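> Take this sequence and fold it.
(2 chains)
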Amino acid sequence: MFNLSVLLQYLISGITQGSVYALIGLGFMVIYNSSAIINFAQGEFVMLGGMIAVTLVTAGTMTIFGAGLPLPLAIILAIVVVTLFGILFQHLAVRPLKKSPVLMVVIMTIGASIFIRGVAMLIWNKDSFSLPLFIEGKPIPVFGAVIVPHYLVILGTTIILMVLLQLFFKLTLVGQAMRASAVNRKGASLCGIRPERMVKLSFAISATLASIAGIIIAPTNLTSYDIGIRLGLKGFVVAVIGGLSSFVGTICGGFLVGIVEAMGAVISSQYRDAITFIILIGMLLIRPNGIFGRKTD
Amino acid sequence: MLEIGNLNAGYGQVEVLKGIDLEVREGEIVTLIGPNGAGKTTLLLGIMGFLNGLRGKILFRGQDILHAETEAIVGMGISMVPEDRGLFGPLSVSENLMLGAYLRLQGKGKSKEDKAKIQADLEEVFNLFPILKSRLKQPVGTLSGGQQQMVAIGRAFMSKPRLLLLDEPSLGLAPLVIKEIFKAVTVLNQNGVTVLLVEQNANLALKLAHRGYVIENGRIVLTGTSAELLNHQEVKQAYLGKSHEAG
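Okay, here's the model as predicted:
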């Protein structure tokens, strides 16, 4: 019934998707580490990345703002816009709630995500869009399955970003200052670090990661105003598997969810998402701190 | 160097500091002693810009810092080691120490000269606390209390302060370790760092310091040279009792 090459095909797709989930999950982790909140609007940042890039690339009457920019420029602009939007979001929506209980802030982000989705629907309707493939080329045969060249772009991008992120936090002064500020705000202030700035930076980084995730999947997956719900939730699942604290754990979680989801699709494409979320629930029941999480809450 | 005049501070309805007058001159070690809850920590937090609702005067080297931001105050040359040390637990000893030099490493800290100076200061920290050299890569949270205190003081030193505020450095430490730490503070002072030391261990504090202030219920009740205070009747009774170590 199942032959190896079909399985391999699903596996390749799963790993590729998984790397994107890992990227989104890292976005959750960065914000959580710096400000102890879950930003449930993260998925919308992903959606905005792809949608804005599409809008900038498209010429003519397909969308309201068809601008027809070259792809690389559209991509860069989309990333910049979403990053700035992330900073603005922190300044306008998160910062005023500084003294509120964490749960209230989280609920606010859920509300924000609904709002952003609503505005997106007004701008882009419920249509689906996609970006042109970044590189052309024939699918590469691998043991009876094929790898679409764009999958390599996705994997390459996510891996490079993960490495850069790690290097940033471990080796750069600002990265260390961010880690420090997340661990002890008062101590950070005493070193001359401005915690508020570090929090804004964390939102900027998360938004950048999210928008890139949204952009790189736009060629092979369709993007529309509501892809943020699924992607955001799956990214959250991945972050939870990583205990919201472990870099490696989040990445493993990403690939785990990606592969499980692909295998679930083998079983039933309708229940694919259900399978993923059942895993999340199971995880939270067995190990509330995630597979790789630390003991603290 | 530090002039505090008629300083008042409160949390909500409660006035914690009432009309504080205090002075720290360049090169001194001044200690502030008093019972728990007297306002010692509050005063230090106030100086460092952590409190709202401060009224009065705080001048540092002539500049008014009453409403200044903490990060700016650090930049002006005041460092503080808080009671809980304020360390970054998961980060290594060397990362903690280097972050003390954060402001120096930014901006103009890029030249070879500045980097060399920072490196020299790091060596100075290792001279003061040799044991830290063998613990460089360890997460600070895994160190003993005394070693953490060393890292905290070292980190504060790395911002090249003119004035160092210490909040109860002896808290929870064994006598031998306290001795080592206080010796290091003496060396720092001899090398040009002015010190304001808040301590519950009045005995040790007065032996270390040149001058002292006694604070009770938010007010300065007594001040003098440490010799005067050590021999003062009320101080002896209240704070220098036989082997009464608070906390």
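> Specify which residues of the chain, grouped into ranges, have pLDDT under the cut-off.
All of this refers to chain A. For chain A, the stretches flagged by pLDDT under 70 are A:1-2, A:59-67, A:288-297.
> Let me rephrase: I mean chain B.
Residues of chain B that meet the cut-off, pLDDT under 70, sit at B:107-110, B:241-247.
> Which strand or helix spans the closest residue to chain A within it?
Per C-beta to the nearest C-beta, residue B:86 is where chain B lies closest to chain A, at 3.3 Å. All C-beta spots, glycine's among them, are computed from the backbone N, C-alpha and C. Under DSSP states H and E, no helix or strand contains residue B:86.
> swap in residue B:3?
strand B:2-11.
> tilt between the helix or strand just after that strand and strand B:2-11?
Using DSSP H and E, the helix or strand that follows strand B:2-11 in sequence is strand B:14-24. Put simply, strand B:14-24 runs at 170 degrees to strand B:2-11, going by axes from the mean of the first three to the mean of the last three C-alpha atoms, to 10 degrees.
> Next one: the closest residue to chain B within the stretch 151-297 of chain A relative to residue B:156, how far apart?
Chain B sits closest to residue A:187 of the stretch 151-297 of chain A, with a gap of 3.3 Å, by C-beta to the nearest C-beta. As for residue A:187, its distance to residue B:156 is 10 Å (criterion: C-beta to C-beta, to the nearest Å).
> now residue B:58
Counting by C-beta to C-beta, the gap from residue B:58 to residue B:156 is 19 Å.
> who's more crowded, those two?
Taking neighbours as other C-beta atoms under 10 Å in any protein chain shown, residue B:58 and residue B:156 compare with residue B:156 leading, 28 against 23.
> And what about the closest residue in space to that one that isn't next to it in sequence, helix, strand or coil?
Excluding the flanking residues, the one nearest residue B:156 by C-beta to C-beta, 6 or more residues apart in numbering or on different chains is residue B:79, at 3.9 Å. At residue B:79 the chain is in strand, as set by DSSP: H, G, I helix; E, B strand; the rest coil.
> Work out for me the element residue A:244 sits within.
Assessed by DSSP H and E, residue A:244 sits outside every helix and strand.
> got the residues of chain B near chain A?
With C-beta under 8 Å from any C-beta of the partner chain as the criterion, chain B meets chain A at residues B:48, B:50, B:70-71, B:74-75, B:79-80, B:82, B:85-91, B:95-96, B:98-100, B:102-103, B:105-106, B:155-156, B:159.
> at 6 Å what do you get?
B:70-71, B:74-75, B:80, B:86, B:88, B:95, B:99-100, B:102-103, B:105 (C-beta under 6 Å from any C-beta of the partner chain).
> Select from those every entry located in strands.
Among the residues of chain B next to chain A, DSSP state E puts residue B:80 in strands.
> Show residues contacting the strand holding residue B:3.
B:16-17, B:19-24, B:42, B:46, B:51, B:53-60, B:163 (C-beta atoms under 6 Å, 6 or more residues apart in numbering or on different chains).
> show me the residues around residue 44 that make contact.
All of this refers to chain A. Neighbours of residue A:44 in contact, by C-beta under 6 Å, 6+ apart: A:113, A:116, A:228.
> Switch to chain B, please.
By C-beta under 6 Å, 6+ apart, the neighbours of residue B:44 are B:165, B:167, B:198.
> For it, pull up the helix or strand it's in.
Going by DSSP H and E, residue B:44 is in helix B:40-47.
> Just list what the helix or strand just after that helix packs against, helices and strands only.
Remark: after helix B:40-47, the chain's next helix or strand is strand B:55-60, criterion DSSP H and E. Secondary-structure packing of strand B:55-60 (3 or more C-beta pairs under 6 Å, 6 or more residues apart in numbering or on different chains; DSSP states H and E): strand B:2-11.
> After whatever helix or strand residue A:117 lives in, heading C-terminal, what element do we hit next?
Taking DSSP H and E as the criterion, residue A:117 maps to helix A:102-124. From helix A:102-124 onward toward the C-terminus, using DSSP H and E, the following helix or strand is strand A:140-142.
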